[in-house]
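*Asks:* got a structure for you, letters missing:
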């Protein structure tokens with residue numbers, strides 16, 4: 001935590017969907033979650049996402065969440081024929097059309113937070129920046145303190161066994177409890 005970049009995030013939604021909220025685990029992933037209940041139109045949360053397990057819930061009917069033809073470079077744009085509609089397009093081919101009331105618009109804003117001017121100045125001058133070597137050494141010491149064996153790699157950014165060992169040491173798995181009424185997405189059903 002000595003090197004944590006303190007961030008505050010504001011997430012604001014504009015969605016009239018009755019089935020889309022925000023699930024978060026304020027006491028960790030093994031404890032009971034809480035929900036910001038839908039609709040979440042012009043509502044938001046102030047969070048520190050690096051320390052809060054959370055998920056935005058799916059919105060809209062499952063059969064419309066993953067339209068046929070959806071690709072990484074599918075474009076989203078207003079419908080020139082009707083200002084109340086939006087199009088998903090691959091080049092000139094329209095693969096889906098949605099009314100504004102069927103969509104969720106999300107604004108995510110982040111800011112670094114400082115306790116005082118001295119902390120801001122230290123950050124801006126980079127006096128406390130970590131090197132890759134320092135970060136790797138800290139991780140190795142921490143993993144070993146948990147009783148896990150880990151070799152000191154010669155190339156830590158490319159050593160597959162080292163990376164897998166770190167990943168396993170810090171993997172907290174899935175949350176123990178999901179709200180029953182929180183919607184799932186077409187993507188999670190496909191996984």
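*Replies:* Looks like it arrived, so ask away. If you're wondering where the values come from, they're calculated on a predicted model, not measured in any experiment.
*Asks:* Quick check: which helices or strands does the lengthiest helix in the chain pack against?
*Replies:* Counting by DSSP state H, the longest helix found in the chain is helix 132-145. Judged by 3 or more Cβ pairs under 8 Å, 6 or more residues apart in numbering; DSSP states H and E, helix 132-145 is in contact with helix 160-170. Using the backbone N, CA and C atoms, a C-beta is placed for each residue, glycine as well.
*Asks:* relative orientation of the helix it packs on and helix 132-145 in degrees?
*Replies:* 60 degrees (axes from the mean of the first three to the mean of the last three Cα atoms, to 10 degrees).
*Asks:* farthest residue from the center of the chain?
*Replies:* Here the chain reaches farthest from its C-alpha mean at residue 81, the gap being 34.1 Å by Cα atoms, centre = their mean.
*Asks:* Where does pLDDT dip in the protein?
*Replies:* Across the chain, the stretches falling below the confidence threshold (pLDDT under 70) are 184-191.
*Asks:* which stretches of it form helices?
*Replies:* Taking DSSP H as the criterion, the chain carries its helices at 62-65, 117-125, 132-145, 160-170, 186-190.
*Asks:* center of this protein, which residue is that?
*Replies:* The residue lying closest to the centre of the chain (Cα atoms, centre = their mean) is residue 55, at 6.8 Å.
*Asks:* Surely that residue and residue 25 touch.
*Replies:* No: contact between residue 55 and residue 25 fails when scored by Cβ atoms under 8 Å: they sit 9.2 Å apart.
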